[in-house]
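> Okay, sequence plus prediction incoming.
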Amino acid sequence: MTLDVKKLLADNAGRNFELHQAHVNPRFVKTLRTIGFDKIYTRAEGQYLWDTDGRRYLDMLAGYGVFNFGRNNPDIRQALCDFMEQNYPNLVQMEAPLLSGLLADELKKRMPNDLDIVYFTNSGTEGVETAIKFARCATKRPGIIHASKAFHGLTNGSLSLNGDENFRDGFGPLLPHCHKVPFGDLEALEEVLSRGDIAAFVIEPVQGKGINIPPPGYLMEARALCRKHGALFVADEVQSGMGRTGKFLALEHEGDVDPDMVILSKSLSGGYVPAGAVLTRKWIYDRVFSSMDRSVVHSSTFGQGSLAMVAGLATLEYMDRNDCMANATVMGDRIGEGLLTIRDQYQFVKDIRWRGLMVAIEFGVPKSMKLRAAWSLAHKLDKSLFPQGITIPLLQDHGILTQVAGHNIDVIKLIPPLIITESDCNYFINGFIEVMKKLHKFPGPSWEVISRIGRSALSGGAGNPAGQGQKSERIAS
Ligand code: PMP
């Protein structure tokens, strides 16, 4: 008797939090309960999720950017189902698999410059680890530079490039020879590059934490500085790539940047199978895989898995056929411009910035004395609390899933599927306006929510979203 999946789901319906409390991550269960994100979702299609009561949610988080092409995309699923019918060999290891060759060819075609070789991974962080290893091996230098506020993953090497102490705390010592420079600061970059021992500068062309867009010319100039000082320029496009910003790579907004390595993951396989890729130059590859003896010196068991490769091919085909990149540009502008038109009506809203469908709403100190007092109170309770006063009512009252964009910054972030429609954009903007109206009334129910969560975080007890006064946005990825 094979596993009856329908029965399994039906028999265990609603046990999610009980099971996670007992077996997986009880602290996260507390976090979700505290902030009212303890929904049980039972259906997902495209840009929508449905909970057990049949309530629909607009997903502006897309699984941290995994579902650029929608959840349970039927075309990608069909390709996977068709492939599984073939009894095609997978992970033979001592072979040259057809499908990874095909996907590598397709990815290279989409690069803005000549990147010759594709190394496949199972995740974004594994791509970053790969880039660190390749850069060190190819340049015979130890140093890696990263930007402040960077997020490149949470394994040991990529964590060493994380610009946020909250993530690093408790896991040291991390990799030596890693240097942080302020995002956007060319002078600081050159100062470190001029040490002469730097293998690579690893940079997100649009930073995921806080959605920071580089100053015009920064990436081009940084690239030139790397070349001048013999370091590699590595673009981490794990979140910003795959069409999210309206171009295949976010780097392409900055002109002809000519990266030495590009890292992709997240939406590469349509959200069905973990996959990632590092595209690199032939000379770098040649130095790493320098002899027959070293022909698999960097590899992993599940890299190039057939399902991931088929999903990747089907994803690229879907993206092209449906012109998803063009839609990302149009919908990003719709949301960004829509929010700009209301910005001045709500004192807490400080800045709206976006590139395609990477959108940030930043909040700042309001003008009125009363609201200013409320702002300081919230920040006194916890530096990262305020934006939760927006994400929570967006979810509870309007069924819109969003996330706080990082630690100690008052930003919420939108990275919805690229297939969202104008009516989704309008729905979001209207919901946001409603939340803003309530938040601009102090005292009022919105502030009660903020203070309740703040108090439970401070208490460090059962309600503390992530323990030790550090809150739920630690989960933001
Ligand atoms: N790089 C960037 C820019 C990311 O946004 C992320 C994930 N949020 C990663 C790397 C790590 O990817 P993963 O979670 O698949 O390891």
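Sure, I can see it.
> Tell me which residues are up against the strand or helix carrying Thr315.
Taking DSSP states H and E as the criterion, Thr315 maps to helix 306-321. Applying C-beta atoms under 8 Å, 6 or more residues apart in numbering, the contact partners of helix 306-321 are 68-69, 73, 75-76, 78-80, 83-84, 88-91, 97, 99-100, 102-103, 106-107, 110, 120, 122, 242-243, 267-270, 272-275, 277, 302, 324-325, 418. To be clear about C-beta, it is placed using only N, CA and C from the backbone, and glycine gets the same treatment.
> cool, stretch 100-120 as well?
130, 134, 248-249, 251-252, 256-259, 261-262, 264, 275-282, 284-285, 298, 303-304, 308-309, 312-313, 316.
> Could you tell me which of those residues count as buried?
Neighbour counting with 16 or more other C-beta atoms under 10 Å marks 130, 134, 248-249, 251-252, 257, 259, 261-262, 264, 275-281, 284-285, 303-304, 308-309, 312-313, 316 as buried within these.
> Which positions in the protein make contact with the ligand?
By C-beta under 6 Å from any ligand atom, the residues of the chain that approach the ligand are 64, 123-125, 128, 151-153, 204, 208, 236, 238-239, 265, 477.
> of all the residues you listed, which comes closest to Asn408?
Closest approach between the residues of the chain next to the ligand and Asn408, by C-beta to C-beta: Phe151, at 14.0 Å.
> quick one, what contacts the closest one?
For Phe151, the contacting residues are Asn162, Gly163, Asp164, Phe167, Glu204, Gln207, Gly208, Lys209, Ser477, by C-beta under 8 Å, 6+ apart.
> okay if I get these as CSV plus distance to Leu357?
Below are those laid out as CSV (distance: C-beta to C-beta, whole Å):
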residue, distance to Leu357
Asn162, 24
Gly163, 23
Asp164, 23
Phe167, 25
Glu204, 15
Gln207, 15
Gly208, 12
Lys209, 16
Ser477, 17
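> Could you export those residues to TSV, including columns for pLDDT, distance to Arg141 and neighbour count?
Formatted as TSV, the contacts of Phe151 follow (pLDDT from 0 to 100; distance: C-beta to C-beta, whole Å; neighbours: other C-beta atoms under 10 Å):
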residue	pLDDT	distance to Arg141	neighbour count
Asn162	97	21	22
Gly163	93	21	22
Asp164	92	25	19
Phe167	95	25	18
Glu204	98	22	27
Gln207	97	25	27
Gly208	97	27	26
Lys209	95	27	25
Ser477	44	30	17
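> so of those residues, which ones are in strands?
With strands taken from DSSP state E, there is no overlap with those.
> picking up where we left off before, just the buried ones from the contacts of helix 306-321?
68-69, 73, 75-76, 79-80, 83, 90, 97, 99-100, 103, 106-107, 110, 120, 122, 242-243, 267-270, 272-275, 277, 302, 324-325, 418.
> of all the residues of the chain next to the ligand, which comes closest to the ligand?
Gly124 (2.2 Å; C-beta to the nearest ligand atom).
> Just the pLDDT at the closest one, thanks.
Gly124 is assigned 98 on the pLDDT scale.
> That one - how many residues pack around it?
By other C-beta atoms under 10 Å, the residues close to Gly124 number 30.
> again, but for Lys383
15.
> Next up, the contacts around it.
Lys383 neighbours (C-beta under 8 Å, 6+ apart): His407, Asn408.
> now, which of the contacts of helix 306-321 lie within strands?
The strands in this structure, assigned by DSSP E, contain Phe120, Ala277 from these.
> Mark which of the contacts of helix 306-321 are part of helices, please.
Among the contacts of helix 306-321, the residues falling in helices (DSSP state H) are 75-76, 78-80, 83-84, 99-100, 102-103, 106-107, 324-325.
> Alpha carbons of stretch 373-381, as PDB, please.
Extracted in PDB, the C-alpha atoms of stretch 373-381 (Å, rounded to 0.1, in the frame of the first residue of the first chain):
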ATOM      1  CA  ALA A 373       5.900  60.200  21.200                       C
ATOM      2  CA  ALA A 374       4.300  57.000  19.900                       C
ATOM      3  CA  TRP A 375       7.200  56.500  17.600                       C
ATOM      4  CA  SER A 376       9.800  56.800  20.400                       C
ATOM      5  CA  LEU A 377       7.800  54.600  22.700                       C
ATOM      6  CA  ALA A 378       7.700  51.800  20.100                       C
ATOM      7  CA  HIS A 379      11.500  52.200  19.500                       C
ATOM      8  CA  LYS A 380      12.200  52.200  23.100                       C
ATOM      9  CA  LEU A 381      10.500  48.900  23.500                       C
END
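> Okay, buried residues for that stretch please.
Ala374, Trp375, Leu377, Ala378, His379, Leu381.
> In helices, which of those residues fall?
Within the buried residues of stretch 373-381, membership in helices is found for Ala374, Trp375, Leu377, Ala378, His379, Leu381, as judged by DSSP H.
> Make sure the fourth one is actually in contact with Gln388.
Read it as Ala378. No - using C-beta atoms under 8 Å, Ala378 is not in contact with Gln388; the gap is 9.2 Å.
> Name the residues contacting each of the two.
Ile450.
> Regarding Ile352, what is its secondary structure?
At Ile352 the chain is in strand, as set by DSSP: H, G, I helix; E, B strand; the rest coil.
> pLDDT value on the residue lying closest to Phe428 once chain neighbours are set aside, please?
Once flanking residues are discounted, Phe428 sits nearest to Ile400: 5.9 Å by C-beta to C-beta, 6 or more residues apart in numbering. On pLDDT, Ile400 comes in at 98.
> Ok, Gly469 next?
The model's pLDDT for Gly469 equals 34.
> what's the answer for the one 4 residues further on, then?
At Glu473, the predicted lDDT confidence score is 40.
> Flag every buried residue along stretch 439-459.
Leu439, His440, Phe442, Ser446, Trp447, Val449, Ile450, Ser451, Ile453, Gly454, Ser456, Ala457.
> ditto for stretch 154-169
Result for stretch 154-169 [16+ other C-beta under 10 Å]: buried residues Gly157, Ser158, Leu159, Ser160, Leu161, Asn162, Gly163, Asp164, Asn166, Phe167.
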